[in-house]
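Novice: All I have is the shape, not the residue letters:
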């Protein structure tokens, strides 16, 4: 029986990703989310295999019901476009919109939030006033205005969704930075003579990442919903088969050919659900404070 | 400040002064932003009219002051706004203040009811889910909440109409009241309530998930805190723990969200208002963007900032009421 | 002489229409008085003054409250506030006799003063479409309170005048407008007229309500107690409202084409195009001739050959349409001819023509790329754009759709000319002179929507249009329009691809509906509701 | 129930931990008896299972993951295991009461003190409102709260830490329980407050005749209060007996090692340092924390953290800055390293004023004055490998990265860590090891001065001893100059050549450690020294320096 020996190092822990995975898989709903997410990614990747041609081309007689033709297993819409290939290509577009818009929102949010949270004082005041101003304008109204300005090209829509979504991550990053900047390791870095930029991006940011990653899943989900709402208002980009566009158009035949909007609708629900559950799992795995089990 | 004002008034005044630069920033940004958009309100009007000739178009543009440089327009607008004159809506041919006031009631009613339902239901379900964390009940509540959240609002709204209006015939399809029924008194209240059931349900189901998830996480966190253990060591029952010790502290982050969500919900109500033909600010905002009705849109944004300031003020009060540690200074 | 005869004929026809309408109603059913008819409208009308805004949406509401001098029936023109009309031989004067004993809703008498004021201050100055039509109007004289004499500096065909009156001939009460800012007058939103219904209230974003005018000049009319116009923007919600019995009628294709087709099967509703004979529209494909590729006639013809119009009619319009035959629709009456060149669907021929025009398929699989602006007028316009893109890809033309909201679209196409092709629909207003000719006539001021902003100019056709506009002889005029139609089909400045009437869905509880060619805009004095 | 039963009897108590924990059982067969009127101290380092023992008695283990798997818990002769939840609830708060470590977090921040005291009575008695209020006020008076009326209506954040702990005690005692479990009740308190609370517990316990299970890690506290002592090591009871037996004649090696690790209250001999050069000189330092004011904002009182402080640190010397919380000692450590901008004064490092440097100069100057932080977990960036953490400073100051990493490995050896630790992340180390890494990081820049801010206060006593020894060794070997901030007078006595005693931002006394400990002049210093728990107990002479 001896004292705890501070020289003796504990056996190495398993690599982080294994620890992460162990924590993640404890949440069964999160596993479902991961499964759905992988499914959507696979759909996006294999879209070209399902239908090597353009999903907007006429694939059969208009409004063929699902399960009646081998050519178009999930039926066709008003213009004879294949719903199945639309759903697969739509996965691509939806993921693309989700990922890019999220990156835009997170990037703006991180920069603004980091500066405000790290420096505090008047920098914080000014940046937070700007954030408040942005937050006060209902984001969907701002989105409509941006789309009105830039037009409904998918690049612009994605950018616009990112632009209207940055305030929440900015506030979150700011809060994280405000709590982290007083942590001793930040003082330690300053004490070593590390520059502010390096402290912000190399010391604090990596530690602020877990909540950002979790929040990213929320923005991804919201981005897809926003795109579909735009499409509902006929402001989507018709050059691409996005799920929002499919529902937007299918809505006209909602009563006579409900599958046209219900199938992409379910795709959206499942994808957004998967992002949300994924976020839950990430939250449990990255912020082990909340762990139970 | 020689006079002694009650602290709450001073606080209110200070919040108001803080809001001024924000509001000015919002107004200028929105104005300039909208001016970047192709086409103007005359294009929209002429489009609505089914066309017009060139003289007519030029005359309208001069009439509306749209032939002036943008900065002149902005200056004129801001000067008017300083005296709380929102200007004239060229699309509605009415003073903007009249247009806004007609819509404000509906919007406030819709948002207040749906947010309070989402909030109440969210915290109750969130608390239940948290107390049975990772159980079947929790999973069902959480996933169901997320499914509603994941459903595009128009999809949900259309489904509600299909089921409750068309198939069951229980609820009216849209509008705020039965037109030409001339109800008065309680009949009128009941009539409006019936019209609001579906839009409120659609909006609150979507925002329910936010509160539910936050409340769940918050309760799980608070339930682990020391003073809950203290209360347990005193011999308090679960129900008592929940009501007296956990809930109030767990509510704090949720209340903060309530303030932040307000303008988001206003944006989200655009689609719902459009489908249920509710004459609210959301729909008006959408129309104003599409019609380039600058004055009306600016009025909405202004009103919105005021509402957000007020709501944030109220949440602060609520927060201070809930959290004894906070003093309003 | 001919002029007088024609007028008499019209009078007769009008009288006939009256009696036969009344008779047929009595024969079918016992008229029930009272009740509230609820009418669906897609978009909201902000101004309810038809003397300021010429738009079917305005007429749909204000047509019940304010009446025109002349209306149109299936048998010809029908006197309303005018009782008879005649033109001078040289076309410089038109004399209109006004109905006596008509009172405005506020109790004042309706007189020539009102007509003169409206014509000079509004029809000539402020009313869209009308200001071009009445550009040469010099004055309106009132020899007596019930006679109005319109004086023109250039000949005005009586035919054209009369044809324009149902839409562009609504007088306003002078005593409420004189000396005010006409555009901001409060009565623009709360109209005072002579019609069978009196304005009650306008709840923005919700509805407009009008109630029975007890002192209406047609004795015993109207039947209804009240009319309510409900604004429902979403077409699916509108269909649901129809089915739930919350609205009785939806006009101008207020529900989606799929729902039109579905409700046509439903025996609670009458679905049809009757009552829009005066309001047909063209679905168009517009070219920007500034683009050298599209300036090539062969390319335009090839594009036309690449479009399967019949397929589009079947799928997009659900069969409620017919192929277009140039600037005059088949509903254009005497001015219409179907003896024009056509471009049947033949993708192989289209490809061959494009090859010949010097646009072979490039390495990227396409011949060239078109930036196409679809008009944001909702469902079928959008589908039509997507069909266009689909069809063009079949003949190896890449199409990028540029979606904007209405102001963005209108300024993009008609002011900035930032497009290659565009599509939309355009309404035909009973006479080519006041509608589709502006699509062909060059020299349209920049920024005027639905006019020739395509950078296309043909002096030949310009001359033909001008001559036809001032031709007083009906037959000759018709012949001229036939020629214009042929030339337009040969030159294809614009493709008038589909001619479609509007469709309405009407609850069978409504009776006497759609019984005039511009029913939606008419006064509905004889409309009644089965209780 | 007869009076012959002991209040609490634990027989072979066994508590299991969930899978994946460092050991399967938290407690392996604990036997413990508490008689009425007895204070039994359960001593152990963190992770020894002592707090879970308390939880097991209260029936408040986080079941089902952690649960009692064997043995008996006899309260007044009756086994509590197998009692229903509702029966346990009746017992809790009434017959068995508990006092927790953190008085701040153990009270509900949203309820008044009165409400929370009242709740116990409401739950367990039929008293009416007035009676309960009277009883509550009486209890507040008994725990010597100055103004019971206003404390009754106060929220926890409005009263001081010591008073909060008094409230907790009042709450525990309000129904005269037979057993009180006190889980480290004074650990979070300042030394003078700690003494008062310990006295209070004894006083009340003598009045009530209750049995107390007193859980602590501090032998000083044990010496102060205990009748009997039980020592736990990783779930095993290694030694038990009367206080005198265990403290003065420990039998088990672990107990001996633990006691040996308690720093002795004998300061080092006075060193003649005045002749050596001054490496760090603070002159007229002032720092006031003002509440952010703005337009119409309410005024807050400005807090003076440091007022007019001057000191000198000679080469090779260790200067202790001692004081209780709020004395401004931590502010001093941040001002001299310029982690905090101060209002006035100068800090000369090697003759150059650090406070007058431009940002660029400052970054260069920083390598001369390095810091060891209080919290070994928080001061190491959890996302960086150990080698990078140590090499970061030299790399920033221009050393070739490969060389810096090479040196970092040598530094690891210097602080007695295996170089194999270099590629691990901080969370894989124990607290003491992390603090060694922190020291290595400070040394990497070969600074002229090291400022250590409470470097051992977060560590268990045995680890604390090792780290202190390491610091002392390095100081000798590298001739380091140390500014050592601590609240622990034992630690100060152990390490510092000179001390400054601070109170409310001012230095009340300073001088060689030995002199001050022997003959404190200022009343505050006197009260500090007389509050050291177990000051009258001198640990038995040590056999070896380390275990």
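Specialist: Nice, thanks for sending it over. The structure displayed is predicted, hence computed values, not measured ones. Numbering: from 1, shown residues only, chains lettered A, B, ... in the order given.
Novice: contacting residues for the residue of the stretch 201-350 of chain C found nearest chain B?
Specialist: Closest to chain B within the stretch 201-350 of chain C is residue C:205: 2.9 Å, counting by Cβ to the nearest Cβ. The way it works is simple: take the backbone N, C-alpha and C, and place the C-beta from them, glycine included. By Cβ atoms under 8 Å, 6 or more residues apart in numbering or on different chains, the residues touching residue C:205 are B:102-103, B:277-280, B:283-284, C:44, C:231.
Novice: Tabulate these (TSV), appending pLDDT.
Specialist: Output for these, formatted as TSV (pLDDT from 0 to 100):
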residue	pLDDT
B:102	84
B:103	86
B:277	83
B:278	86
B:279	85
B:280	87
B:283	85
B:284	88
C:44	79
C:231	89
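Novice: now those: which count as buried?
Specialist: Using 16 or more other Cβ atoms under 10 Å in any protein chain shown as the burial test, those include B:102-103, B:277-280, B:283-284, C:44, C:231 as buried.
Novice: Sitting in helices, which of those do you find?
Specialist: B:102-103, B:283-284 (DSSP state H).
Novice: Tell me which two of these sit farthest apart.
Specialist: Using Cβ to Cβ, these reach their maximum pairwise distance at B:102 and B:283, which is 11.9 Å.
Novice: ok so, going back, could the contacts of residue C:205 be laid out in JSON lines, adding distance to chain D?
Specialist: As requested, the contacts of residue C:205 are exported to JSON lines (distance: Cβ to the nearest Cβ, whole Å):
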{"residue": "B:102", "distance to chain D": "36"}
{"residue": "B:103", "distance to chain D": "34"}
{"residue": "B:277", "distance to chain D": "44"}
{"residue": "B:278", "distance to chain D": "39"}
{"residue": "B:279", "distance to chain D": "39"}
{"residue": "B:280", "distance to chain D": "35"}
{"residue": "B:283", "distance to chain D": "38"}
{"residue": "B:284", "distance to chain D": "35"}
{"residue": "C:44", "distance to chain D": "45"}
{"residue": "C:231", "distance to chain D": "46"}
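Novice: how close does residue D:166 get to residue C:377?
Specialist: To residue C:377, residue D:166 is 77 Å away according to Cβ to Cβ, to the nearest Å.
Novice: ok, those two, which is more surrounded?
Specialist: residue D:166 (26 against 18; other Cβ atoms under 10 Å in any protein chain shown).
Novice: in stretch D:315-327, what counts as buried?
Specialist: Across stretch D:315-327, burial judged by 16+ other Cβ under 10 Å covers D:315-324, D:326-327.
Novice: And the pLDDT at residue C:247?
Specialist: Looking at residue C:247, its pLDDT reads 92.
Novice: Same check on residue D:547?
Specialist: 34.
Novice: and if you look at residue D:402?
Specialist: 92.
Novice: Can you tell me the element it falls in?
Specialist: Using DSSP states H and E, residue D:402 sits within helix D:401-414.
Novice: Specify the angle between the next helix or strand after that helix and helix D:401-414 in degrees.
Specialist: Using DSSP H and E, the helix or strand that follows helix D:401-414 towards the C-terminus is helix D:431-444. Per axes from the mean of the first three to the mean of the last three Cα atoms, to 10 degrees, the angle that helix D:431-444 makes with helix D:401-414 is 130 degrees.
Novice: For helix D:431-444, enumerate the helices and strands it packs against.
Specialist: helix A:184-192, strand D:369-372, helix D:386-396, helix D:401-414, helix D:461-478 (3 or more Cβ pairs under 8 Å, 6 or more residues apart in numbering or on different chains; DSSP states H and E).
Novice: So which of these is the most surrounded?
Specialist: Of all the helices and strands packed on helix D:431-444, strand D:369-372 has the most neighbours on average by mean count of other Cβ atoms under 10 Å in any protein chain shown, namely a mean of 27.
Novice: Next, count neighbours for residue A:122.
Specialist: 8.
Novice: Roughly how far does residue B:319 sit from chain D?
Specialist: Here residue B:319 is placed at a distance of 12 Å from chain D (Cβ to the nearest Cβ, to the nearest Å).
Novice: Run a quick neighbour tally on the closest residue to that residue other than its chain neighbours.
Specialist: Of all residues not flanking residue B:319 in the chain, residue B:255 sits nearest, at 5.4 Å (Cβ to Cβ, 6 or more residues apart in numbering or on different chains). Applying other Cβ under 10 Å, we find 18 residues neighbouring residue B:255.
Novice: And for residue C:346?
Specialist: 16.
Novice: name the element residue D:15 belongs to?
Specialist: Per DSSP H and E: strand D:8-16 holds residue D:15.
Novice: next one: phi and psi at the closest residue to chain C within the stretch 151-300 of chain B?
Specialist: Nearest to chain C, among the residues of the stretch 151-300 of chain B, is residue B:279, at 2.9 Å (Cβ to the nearest Cβ). Dihedral angles of residue B:279 (phi, psi; degrees, to the nearest 10) stand at phi -80, psi 70.
Novice: what does residue C:32 give?
Specialist: phi -100, psi 130.
Novice: Quick check: it touching residue C:531?
Specialist: Yes: because the distance of 5.5 Å satisfies Cβ atoms under 8 Å, residue C:32 is recorded as touching residue C:531.
Novice: got the buried residues for stretch C:489-497?
Specialist: C:489, C:491-497.
Novice: Tell me, how many residues neighbour the closest residue to residue A:228 other than its chain neighbours?
Specialist: Spatial nearest neighbour of residue A:228, chain neighbours left out: residue A:244 (3.3 Å); criterion: Cβ to Cβ, 6+ apart. Neighbour count of residue A:244, defined by other Cβ under 10 Å: 30.
Novice: Then residue C:427?
Specialist: Around residue C:427 there are 21 residues (other Cβ under 10 Å).
Novice: Can you check the pLDDT for it?
Specialist: Residue-level pLDDT assigned to residue C:427 equals 82.
Novice: nearest spatial neighbour of it, skipping sequence neighbours?
Specialist: Nearest to residue C:427 is residue C:281, by Cβ to Cβ, 6+ apart, at 4.7 Å.
Novice: just checking, the one you found touches residue C:424?
Specialist: No: with contact defined as Cβ under 8 Å, residue C:281 does not reach residue C:424; the gap is 9.6 Å.
Novice: could you measure the residue in the stretch 351-500 of chain C positioned nearest to chain A against residue A:250, distance?
Specialist: Closest residue of the stretch 351-500 of chain C to chain A, Cβ to the nearest Cβ: residue C:403 (3.6 Å). Distance from residue C:403 to residue A:250, counting by Cβ to Cβ: 17 Å.
Novice: Remind me which helix or strand the residue of the stretch 201-329 of chain B found nearest chain A belongs to.
Specialist: Minimum separation of the stretch 201-329 of chain B from chain A (Cβ to the nearest Cβ) falls at residue B:267, amounting to 3.1 Å. Under the criterion of DSSP H and E, residue B:267 resides in helix B:247-275.
Novice: What number of residues are in the vicinity of residue 263?
Specialist: Unless you meant another one, I'm taking chain A. Neighbours of residue A:263 (other Cβ under 10 Å): 22.
Novice: Correction: the question concerned chain D.
Specialist: Neighbours of residue D:263 (other Cβ under 10 Å): 19.
Novice: Just read off the phi/psi values of residue D:484.
Specialist: Note on residue D:484: its backbone torsions stand at phi -110, psi 110 [degrees, to the nearest 10].
Novice: The residue in chain C sticking out farthest from the centre in helix, strand or coil?
Specialist: For chain C, the residue at maximal distance from the C-alpha centroid (Cα atoms, centre = their mean) is residue C:363, at 45.6 Å. Counting by DSSP: H, G, I helix; E, B strand; the rest coil, the backbone at residue C:363 sits in coil.
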